[in-house]
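J.: Below: sequence and its predicted model.
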Amino acid sequence: MPILQVTLSGQPDPALSGTVAQKLSALTAQILHKDPALTSVAVAFLPAKQWFVGGPSLADAGRTSFWLDIAVVDGTNTKDEKAAYIAAVYAAMTELLGALHPESYLHVREVKADAYGYGGRTQESRYVEKKLRAA
């Protein structure tokens, strides 16, 4: 049930938004083992002239960039899974965006299950319910 918030440099592009959302959802399922039916991806764009790395704007540097923040429940992924995810997402974004600035960032944010949820319920309550059903 992760939520992914990704910001891409450039002008809004609905086709690119859809492609990025599909790719990120697939990688999140494949590497972090998250259910794609419960994965949300929000895509935003920031003009390259308003995104600065080391001084010059991305437009001036002739580069693209992205920032991805994904929230997952703490303890549900290993360090190796998170590292593999970060590498795979960076590679995928390089293919999709081209001329990617190396200072493009990803943050796998681990949040407490009792403070994170959807549909009005915490992930902790879902976990407890699942355990009770299994018993």
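T.: Nice, I can see it. Numbers count the residues shown, from 1 in each chain.
J.: What are the buried residues along stretch 108-118?
T.: Val108, Ala113, Tyr116, Gly117 (16 or more other CB atoms under 10 Å). The C-beta positions use only the backbone N, C-alpha and C, and glycine is treated the same way.
J.: What of stretch 59-79?
T.: Within stretch 59-79, the residues that qualify as buried by neighbour count (16+ other CB under 10 Å) are 59, 61, 63-68, 70-73, 77.
J.: and that stretch, how far out from the chain's middle?
T.: What separates the centre of stretch 59-79 from the centre of its chain is 5 Å, taken as CA atoms, centre = their mean, to the nearest Å.
J.: ends of that stretch, how far apart?
T.: Taking CA to CA, to the nearest Å, the span from the opening residue of stretch 59-79 to its closing residue is 34 Å.
J.: got it, and stretch 51-64?
T.: Using CA to CA, the distance between the terminal residues of stretch 51-64 is 9 Å.
J.: That one - what's its average pLDDT?
T.: With pLDDT averaged residue by residue, stretch 51-64 scores 97.
J.: hmm, who's touching it?
T.: Residues lying outside stretch 51-64 but in contact with it, judged by CB atoms under 8 Å, 6 or more residues apart in numbering, are 8-10, 47-50, 65, 97-101, 103.
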